[in-house]
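Visitor: Take a look and give me a structure for this.
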Amino acid sequence: MKSWSFERLALVGFASSALCVLLLIVNAVTGNAAVAVLLPIAILALAFGGFCSVRAQIVRSRNRRGF
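Guide: Residues are numbered from 1 along each chain as shown. Got it, this is the predicted structure:
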């Protein structure tokens with residue numbers, strides 16, 4: 001399996017974080033009607049986005065050093 005590039009990791013991290021924000025906006029617009037479902041999904045999306053962003057920075061720094 002080929003490892004992911006910096007660009008792919010950064011894009012997935014951004015998209016996942018954007019999904020978190022979208023879910024929180026939907027939750028606010030619906031008046032917390034689905035807070036029990038949307039909030040845990042938003043937290044997982046934010047954590048996954050953070051993980052992908054950190055991983056992208058690690059990949060980028062390794063590519064700059066030539067490893």
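Visitor: Tell me which residues of the longest helix belonging to the chain come out buried.
Guide: Identified as the longest helix of the chain according to DSSP state H is helix 35-65. By neighbour count on 16 or more other C-beta atoms under 10 Å, the buried set for helix 35-65 is 38, 42, 45-46, 48-49, 52-53, 55-56, 59. Where you see a C-beta, it was placed from the backbone N, CA and C, and this is true even at glycine.
Visitor: Tell me the helices and strands packed up against that helix.
Guide: helix 6-29 (3 or more C-beta pairs under 8 Å, 6 or more residues apart in numbering; DSSP states H and E).
Visitor: What is the helix it packs on packed up against?
Guide: helix 35-65.
Visitor: what's the angle from the helix it packs on to helix 6-29?
Guide: 160 degrees (axes from the mean of the first three to the mean of the last three C-alpha atoms, to 10 degrees).
Visitor: So what's the gap between the helix or strand bottoming out on mean pLDDT in the chain and the chain middle?
Guide: None of the helices or strands of the chain scores lower by mean pLDDT, DSSP states H and E than helix 35-65, at a mean of 94. Relative to its chain's centre, helix 35-65 lies at 4 Å (C-alpha atoms, centre = their mean, to the nearest Å).
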